[in-house]
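Student: Sharing a model that was predicted from the sequence below.
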Amino acid sequence: MNLQTKIILASALSVVLAGSGIIVLSAGSQVFAATDTSPTATSAPQDKPAKPKPRQGEAGKPGGPRVNGQNPPPPNHDGVDCSGQGQGDGLPSSSPASSPPSISEPASGIPNPSTYSVVISGGLTTDPQDKGRPVVLIAAALGVPTEVFREAFSGVTPSGLDSQPSHELAQRNKAALMKVLGPYGITNERLDEVSNFYRYNGNRTATWQKTSAIATAIVTDGVVTGITIKNPGAGYSSTPTVTITGPTGTITAKAMVAFTQDFKTNGSITSITLD
């Protein structure tokens, strides 16, 4: 075979091998071949890569992104934007409410009625001729004038302050009292009831049963304009002293005392007027 024929055959072989996917390189009489690894239409399809799973923390899915350590709130369906509320605690943020004005220091600067104190003192004085006995209360409870009871008591022989009268002395004193009080419709039982309720004992500070009165000041524009009686009390034998003390100073008032046959209202305060 001559040289020309060999060249023609080699060229034809190169074409055939190239069509089969084989690259042929000639270097003199040696042939080097390499296989093309690129896929062809006839090559078998390779497996598709698996679809990546959602990562933990994707928005809109379980385990989505956490806001301040918590899952984001569900979608809002009421048309109200709740984003940014609660500073991450699920509650709306709010500013602290302003403190109300102090009760003792009103915003207007006018003293409050609660800053005024009303003190009712005294009112337990008796007439010197009664020697400490609440004759005005005893007479009122019996329903007779004070002078009538004084007349009846003038026939009584009192026992000492630290002793009880004997039975005989008590009988004589009772007879002297009933001699004057009987014509006024006073019974022996009622006399005992009243005498026991207002029994006198000069050695004690509380000489007879009584109830202290309670009152408060009426303040208008920082000025005391009147007194409100909360409890009229009972057992006052004379006019008590009323003193009102507040930021603007101290003032006094005058009380009126009423005497009745009822132990609960006998010697009670009916009114208080400013001096």
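Tutor: Received it, and whenever you're ready, just let me know what you need. Worth saying up front: this structure is predicted, and the values here are computed from it rather than measured.
Student: Please count neighbours and contacts with C-alpha atoms only from this point.
Tutor: Noted.
Student: measure the closest residue to residue 149 other than its chain neighbours to residue 218 for me?
Tutor: Excluding the flanking residues, the one nearest residue 149 by Cα to Cα, 6 or more residues apart in numbering is residue 139, at 5.8 Å. Using Cα to Cα, to the nearest Å, residue 139 is found at 35 Å from residue 218.
Student: Which one of these two is surrounded by more residues?
Tutor: Remark: of residue 139 and residue 218, residue 139 carries more neighbours, 20 against 16, as counted by other Cα atoms under 10 Å.
Student: Name the SS class of that one, please.
Tutor: Following DSSP: H, G, I helix; E, B strand; the rest coil, the label given to residue 139 is helix.
Student: wait, what's in contact with it?
Tutor: Residue 139 makes contacts with 145, 146, 148, 149, as judged by Cα atoms under 8 Å, 6 or more residues apart in numbering.
Student: ok now do residue 122, which residues does it touch?
Tutor: Residue 122 is in contact with 239, 240, 241, counting by Cα under 8 Å, 6+ apart.
Student: Now do stretch 211-231, average pLDDT.
Tutor: Average pLDDT, stretch 211-231: 93.
Student: again but with stretch 194-205, I slipped
Tutor: Taken as a whole, stretch 194-205 has a mean pLDDT of 78.
Student: what's the answer for stretch 263-270, then?
Tutor: 97.
Student: For it, buried residues please.
Tutor: 263, 265, 266, 267, 268, 269 (16 or more other Cα atoms under 10 Å).
Student: What is the neighbour count of residue 159?
Tutor: The tally of other residues near residue 159 (other Cα under 10 Å) stands at 12.
Student: An error on my part: the question was meant for residue 196.
Tutor: Using other Cα under 10 Å, residue 196 has 12 neighbouring residues.
Student: cool, and the one 3 residues further on?
Tutor: Counted by other Cα under 10 Å, the residues lying close to residue 199 total 16.
Student: picking that back up, from the contacts of residue 122, which land in strands?
Tutor: residue 241 (DSSP state E).
Student: Neighbour-wise, which one of the contacts of residue 122 leads?
Tutor: residue 240 (21 neighbours).
Student: That residue contacts residue 255, doesn't it?
Tutor: Yes - when contacts are counted by Cα atoms under 8 Å, residue 240 is listed as touching residue 255 (6.6 Å).
Student: Not counting the strand or helix carrying residue 151 itself, show me its contacts.
Tutor: Assigned by DSSP states H and E, residue 151 falls within helix 146-153. Helix 146-153 is contacted by residues 130, 135, 136, 138, 139, 140, 176, 177, 178, 179, 180, 181 when judged by Cα under 8 Å, 6+ apart.
Student: These, buried ones only, as a ChimeraX selection?
Tutor: ChimeraX command restricting the contacts of helix 146-153 to the buried ones, with burial defined by 16+ other Cα under 10 Å:
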select :135,136,138,139,140,176,177,178,180,181
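Student: Is it possible to get TSV of the contacts of helix 146-153 that adds distance to residue 273?
Tutor: Compiled in TSV, the contacts of helix 146-153 are given as follows (distance: Cα to Cα, whole Å):
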residue	distance to residue 273
130	29
135	26
136	23
138	27
139	27
140	24
176	42
177	38
178	40
179	42
180	38
181	36
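Student: Need the contacts of helix 146-153 in TSV (columns: distance to residue 193, secondary structure and pLDDT).
Tutor: Output for those, formatted as TSV (distance: Cα to Cα, whole Å; DSSP: H, G, I helix; E, B strand; the rest coil; pLDDT from 0 to 100):
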residue	distance to residue 193	secondary structure	pLDDT
130	20	helix	91
135	15	helix	96
136	16	helix	97
138	10	helix	97
139	13	helix	98
140	13	helix	98
176	17	helix	95
177	14	helix	96
178	14	helix	96
179	18	helix	96
180	17	helix	97
181	14	helix	97
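Student: wait, which of the contacts of helix 146-153 is closest to residue 259?
Tutor: Distance to residue 259, by Cα to Cα, is smallest for residue 140 among those, at 5.8 Å.
Student: Run a quick check on the closest one versus residue 263, I expect a contact.
Tutor: No - applying Cα under 8 Å as the test, residue 140 and residue 263 come out as separate, 9.6 Å apart.
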